[in-house]
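**Q** my questions are about this predicted structure, shown below with the sequence.
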Amino acid sequence: MMDNRGQVSSEFLFLFGVLILVVMLSIAFVSNEQELNVAMSAARSGANEGVATSSSAIYPDDTFRDYLASKTSLLYPYSIEIVNISYEDLGHDINYDKKRIQFKVYAKTSKRFSNSELVSIGDRINYNLRKSIAFSFNSTASTNKLYNPVFSPHYVYTTANVKWI
(Lines give C-alpha, C1' and ligand atoms only; values in the text may rest on other atoms or scores of the structure.)
Protein backbone atom coordinates (compact mmCIF):
# COMPACT_ATOMS: atom_id res chain seq x y z
CA MET A 1 0.00 0.00 0.00
CA MET A 2 1.27 3.50 -0.87
CA ASP A 3 1.43 6.26 1.70
CA ASN A 4 0.38 9.64 0.20
CA ARG A 5 -0.01 11.69 3.36
CA GLY A 6 2.84 14.08 2.41
CA GLN A 7 1.26 14.88 -0.97
CA VAL A 8 -1.73 16.72 0.51
CA SER A 9 0.35 18.98 2.69
CA SER A 10 2.72 19.96 -0.15
CA GLU A 11 -0.21 20.83 -2.44
CA PHE A 12 -1.71 22.88 0.37
CA LEU A 13 1.58 24.74 0.90
CA PHE A 14 1.89 25.41 -2.85
CA LEU A 15 -1.70 26.72 -3.03
CA PHE A 16 -1.19 28.87 0.07
CA GLY A 17 2.07 30.30 -1.36
CA VAL A 18 0.40 31.23 -4.66
CA LEU A 19 -2.45 32.88 -2.76
CA ILE A 20 -0.01 35.00 -0.74
CA LEU A 21 1.78 36.03 -3.96
CA VAL A 22 -1.50 37.12 -5.60
CA VAL A 23 -2.50 39.14 -2.51
CA MET A 24 0.88 40.88 -2.37
CA LEU A 25 0.73 41.82 -6.07
CA SER A 26 -2.79 43.19 -5.77
CA ILE A 27 -1.89 45.37 -2.77
CA ALA A 28 0.28 47.64 -4.96
CA PHE A 29 -2.58 48.19 -7.40
CA VAL A 30 -5.17 48.75 -4.67
CA SER A 31 -3.00 51.25 -2.78
CA ASN A 32 -2.59 53.44 -5.88
CA GLU A 33 -6.34 53.33 -6.49
CA GLN A 34 -6.98 54.21 -2.85
CA GLU A 35 -4.67 57.21 -3.20
CA LEU A 36 -6.67 58.44 -6.22
CA ASN A 37 -9.95 57.87 -4.35
CA VAL A 38 -8.72 59.98 -1.42
CA ALA A 39 -7.61 62.71 -3.84
CA MET A 40 -10.97 62.70 -5.65
CA SER A 41 -12.87 62.87 -2.36
CA ALA A 42 -10.69 65.77 -1.20
CA ALA A 43 -11.16 67.49 -4.58
CA ARG A 44 -14.94 67.32 -4.25
CA SER A 45 -14.81 68.63 -0.70
CA GLY A 46 -12.42 71.45 -1.65
CA ALA A 47 -14.45 72.48 -4.70
CA ASN A 48 -17.61 72.64 -2.59
CA GLU A 49 -15.77 74.74 -0.01
CA GLY A 50 -14.57 77.05 -2.79
CA VAL A 51 -18.11 77.43 -4.10
CA ALA A 52 -19.45 78.11 -0.60
CA THR A 53 -16.91 80.81 0.27
CA SER A 54 -16.98 82.39 -3.16
CA SER A 55 -20.75 82.41 -3.63
CA SER A 56 -21.20 83.77 -0.10
CA ALA A 57 -18.83 86.63 -0.99
CA ILE A 58 -16.42 85.80 1.83
CA TYR A 59 -12.95 86.96 0.78
CA PRO A 60 -9.63 87.87 2.36
CA ASP A 61 -9.03 91.63 2.79
CA ASP A 62 -6.74 92.05 -0.23
CA THR A 63 -9.14 90.16 -2.52
CA PHE A 64 -12.07 92.19 -1.21
CA ARG A 65 -10.28 95.47 -1.99
CA ASP A 66 -9.38 94.21 -5.47
CA TYR A 67 -12.97 93.18 -6.17
CA LEU A 68 -14.25 96.48 -4.76
CA ALA A 69 -12.24 98.28 -7.43
CA SER A 70 -12.87 96.07 -10.45
CA LYS A 71 -15.33 93.20 -9.86
CA THR A 72 -18.14 94.59 -7.71
CA SER A 73 -20.68 91.96 -8.80
CA LEU A 74 -18.61 89.33 -6.93
CA LEU A 75 -19.16 91.19 -3.65
CA TYR A 76 -22.79 90.07 -3.45
CA PRO A 77 -23.98 86.49 -2.88
CA TYR A 78 -24.65 84.43 -5.99
CA SER A 79 -25.33 80.82 -6.89
CA ILE A 80 -22.89 78.31 -8.39
CA GLU A 81 -23.47 74.63 -9.02
CA ILE A 82 -20.70 72.07 -9.48
CA VAL A 83 -21.79 69.85 -12.35
CA ASN A 84 -18.85 67.45 -12.48
CA ILE A 85 -15.29 66.96 -11.25
CA SER A 86 -13.02 64.69 -13.24
CA TYR A 87 -9.33 63.94 -13.48
CA GLU A 88 -6.99 62.99 -16.29
CA ASP A 89 -3.75 61.04 -16.04
CA LEU A 90 -1.16 63.13 -17.91
CA GLY A 91 1.55 60.51 -17.64
CA HIS A 92 4.86 60.52 -15.82
CA ASP A 93 6.28 63.90 -14.77
CA ILE A 94 10.08 63.73 -15.00
CA ASN A 95 10.53 66.81 -12.80
CA TYR A 96 8.92 65.16 -9.77
CA ASP A 97 9.35 61.49 -10.77
CA LYS A 98 5.63 60.89 -10.16
CA LYS A 99 2.49 60.44 -12.22
CA ARG A 100 0.77 63.74 -13.01
CA ILE A 101 -2.98 64.03 -12.44
CA GLN A 102 -4.98 67.07 -13.59
CA PHE A 103 -8.39 67.83 -12.09
CA LYS A 104 -11.05 69.64 -14.08
CA VAL A 105 -14.18 71.18 -12.57
CA TYR A 106 -17.33 71.78 -14.61
CA ALA A 107 -19.66 74.36 -13.08
CA LYS A 108 -22.57 76.61 -13.94
CA THR A 109 -24.08 79.77 -12.56
CA SER A 110 -27.46 81.35 -13.13
CA LYS A 111 -26.07 84.89 -12.99
CA ARG A 112 -24.28 86.53 -15.89
CA PHE A 113 -20.64 87.29 -15.16
CA SER A 114 -17.89 88.69 -17.32
CA ASN A 115 -15.07 86.41 -18.43
CA SER A 116 -12.64 87.86 -15.89
CA GLU A 117 -15.17 87.38 -13.08
CA LEU A 118 -15.68 83.74 -14.07
CA VAL A 119 -11.90 83.25 -14.05
CA SER A 120 -11.74 84.73 -10.52
CA ILE A 121 -14.50 82.43 -9.30
CA GLY A 122 -12.82 79.45 -10.97
CA ASP A 123 -9.47 80.35 -9.41
CA ARG A 124 -11.04 80.35 -5.94
CA ILE A 125 -12.66 76.94 -6.60
CA ASN A 126 -9.37 75.46 -7.87
CA TYR A 127 -7.40 76.96 -4.96
CA ASN A 128 -9.69 75.32 -2.40
CA LEU A 129 -9.64 72.05 -4.35
CA ARG A 130 -5.82 71.91 -4.30
CA LYS A 131 -5.71 73.04 -0.66
CA SER A 132 -8.05 70.23 0.37
CA ILE A 133 -5.87 67.65 -1.41
CA ALA A 134 -2.74 69.06 0.25
CA PHE A 135 -4.33 68.75 3.70
CA SER A 136 -5.57 65.23 2.93
CA PHE A 137 -2.05 64.02 2.16
CA ASN A 138 -0.35 66.27 4.74
CA SER A 139 1.80 67.78 2.00
CA THR A 140 1.32 71.47 2.74
CA ALA A 141 5.02 71.89 3.54
CA SER A 142 6.11 70.61 0.12
CA THR A 143 4.02 73.01 -1.98
CA ASN A 144 3.70 76.78 -2.40
CA LYS A 145 1.13 79.18 -0.92
CA LEU A 146 -1.24 78.56 -3.84
CA TYR A 147 -0.97 74.79 -3.34
CA ASN A 148 0.12 74.35 -6.94
CA PRO A 149 1.16 71.62 -7.54
CA VAL A 150 0.09 69.31 -4.71
CA PHE A 151 1.90 66.09 -3.90
CA SER A 152 0.99 62.66 -2.60
CA PRO A 153 3.25 59.61 -2.34
CA HIS A 154 2.77 58.51 -5.97
CA TYR A 155 1.15 61.50 -7.73
CA VAL A 156 1.49 65.21 -8.40
CA TYR A 157 -1.85 67.06 -8.76
CA THR A 158 -2.69 70.19 -10.75
CA THR A 159 -5.93 71.81 -11.88
CA ALA A 160 -7.19 73.00 -15.23
CA ASN A 161 -9.29 76.16 -15.57
CA VAL A 162 -12.89 75.67 -14.49
CA LYS A 163 -15.09 74.91 -17.48
CA TRP A 164 -18.28 77.00 -17.32
CA ILE A 165 -21.37 75.37 -18.82
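**A** Cool, got the structure. The structure displayed is predicted, hence computed values, not measured ones. Residues are numbered from 1 along each chain as shown.

**Q** pLDDT below threshold where in this structure?
**A** Scanning the chain for pLDDT under 70 picks out 1-8.

**Q** helices of that one, start to end?
**A** Per DSSP state H, the chain carries helices over the ranges 5-55, 61-70, 115-136.

**Q** point out the most buried one among those helices.
**A** With neighbours defined as mean count of other C-beta atoms under 10 Å, the helices of the chain peak in mean count at helix 115-136, which reaches a mean of 20. Glycine gets a C-beta too; all of them are placed from N, C-alpha and C.

**Q** relative to the whole chain's centre, how far out is that helix?
**A** Chain-centre distance of helix 115-136: 12 Å, with C-alpha atoms, centre = their mean, to the nearest Å.

**Q** packing partners of it?
**A** Here helix 115-136 touches helix 5-55, strand 80-93, strand 98-109, strand 150-151, strand 155-159, going by 3 or more C-beta pairs under 8 Å, 6 or more residues apart in numbering; DSSP states H and E.

**Q** now do 6 Å
**A** Contact here means 3 or more C-beta pairs under 6 Å, 6 or more residues apart in numbering; DSSP states H and E; on that basis helix 115-136 packs against helix 5-55, strand 150-151, strand 155-159.

**Q** each with direction, which strands does the second one pair with?
**A** The strands beside strand 150-151 in its sheet (DSSP bridges) come out as strand 155-159 (antiparallel).

**Q** who's in contact with the partner strand?
**A** Identification of contacts with strand 155-159 by C-beta atoms under 6 Å, 6 or more residues apart in numbering yields 93, 96, 98-103, 126, 129, 133, 149-150.

**Q** follow-up on the earlier one: so can I have TSV of the helices of the chain showing distance to Ile85?
**A** Compiled in TSV, the helices of the chain are given as follows (distance: least, C-beta to C-beta, whole Å):
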stretch	distance to Ile85
helix 5-55	6
helix 61-70	23
helix 115-136	8
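
**Q** that older thread, which of the contacts of strand 155-159 count as buried?
**A** 98-101, 103, 126, 129, 133, 149-150 (16 or more other C-beta atoms under 10 Å).

**Q** ok so, going back, which among the helices of the chain is found nearest to Tyr78?
**A** Smallest distance to Tyr78 across the helices of the chain (C-beta to C-beta): 5.4 Å, for helix 5-55.

**Q** okay, the angle between the closest one and strand 155-159?
**A** Between helix 5-55 and strand 155-159, the angle formed by their directions is 30 degrees, by axes from the mean of the first three to the mean of the last three C-alpha atoms, to 10 degrees.
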